[in-house]
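K.L.:
Show me the folded form of this:
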Amino acid sequence: MNIAIPEESLEPSLRDLSGVTLELATLSTRSAMWTAHGMMPPAALQELATVGVVEEPVEVQVVASPIWQEEKLRVRVQGECRGNIRLACSRCLIEFNLPIDAEIDAFYAPGKDPAIKNKRWQFEEDVVFIPDGMLKLKHLVEEELLLALPMNPICVSGCAGLCAGCGADLNRAPCSCRKATPTGPFAVLKKLQSY
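P.N.:
Prediction:
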């Protein structure tokens with residue numbers, strides 16, 4: 001289920017969701033549903049700040065609904081969060097803005113993970129168990145945004161990076177350092193490439 005977030009710029013009237021906590025047990029009736037639409041301010045996204053700089057609030061829209069499986073409550077949270085983060089390019093180290101758009105589709109359950117108590121129990125890898133049954137929306141959003149980030153962010157697709165010898169930015173100018181002449185027992189083989 002995709003939840004559309006309007007294309008307009010972030011409204012200042014959007015509610016701050018950084019302190020919102022969903023008590024999973026409140027969704028125990030089969031017809032229950034919980035929705036939230038608002039924003040997360042940069043100060044609330046502390047884990048994300050260890051990777052890059054978030055300068056503007058992140059827009060968040062989520063819907064939580066109960067799913068019953070074998071008389072056990074599971075809460076499915078779906079939605080989207082979107083914003084911008086300033087990162088350092090992994091090739092040239094120049095900072096650039098990266099739009100992040102993360103889809104949320106996760107399952108939660110109140111209580112402890114039954115696989116921890118009983119080693120024979122089949123592990124439920126798609127369900128996150130919350131011992132106190134209180135889902136902090138801030139943690140969910142931050143986790144999804146971190147997972148949406150590229151492992152090696154690159155400012156532009158053709159980024160040439162830095163010279164390994166002198167550290168010059170190869171996107172701006174060619175390197176001025178001289179290439180070392182290979183030495184060793186296999187240096188002679190380099191001459192064969194010219195034939």
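K.L.:
Quick one: the helices in this protein, in order.
P.N.:
Listed in chain order, the helices found in the chain under DSSP state H are 46-49, 114-117, 137-148, 187-192.
K.L.:
between those helices, which one is nearest to residue 40?
P.N.:
Smallest distance to residue 40 across the helices of the chain (C-beta to C-beta): 5.5 Å, for helix 137-148. In short, each C-beta sits where N, CA and C put it, glycine included.
K.L.:
Could you report the neighbour count for residue 129?
P.N.:
16 (other C-beta atoms under 10 Å).
K.L.:
Output the below-cut-off pLDDT ranges for this protein.
P.N.:
1-13, 30, 114-125, 178-182, 191, 193-195 (pLDDT under 70).
K.L.:
change it to 90
P.N.:
Applying pLDDT under 90 to the chain flags the ranges 1-14, 23-33, 48-50, 55, 66-74, 109-131, 133, 157-158, 160, 162-195.
K.L.:
care to break the protein down by domain?
P.N.:
Using automatic domain parsing, the domains assigned to the chain come out as 15-159, 163-195.
K.L.:
Out of the ones you listed, indicate the one that is most buried.
P.N.:
domain 15-159 (a mean of 16; mean count of other C-beta atoms under 10 Å).
K.L.:
what about it, how long is it end to end?
P.N.:
39 Å (C-alpha to C-alpha, to the nearest Å).
K.L.:
ditto for stretch 52-66
P.N.:
Note: stretch 52-66 ends 35 Å apart using C-alpha to C-alpha.
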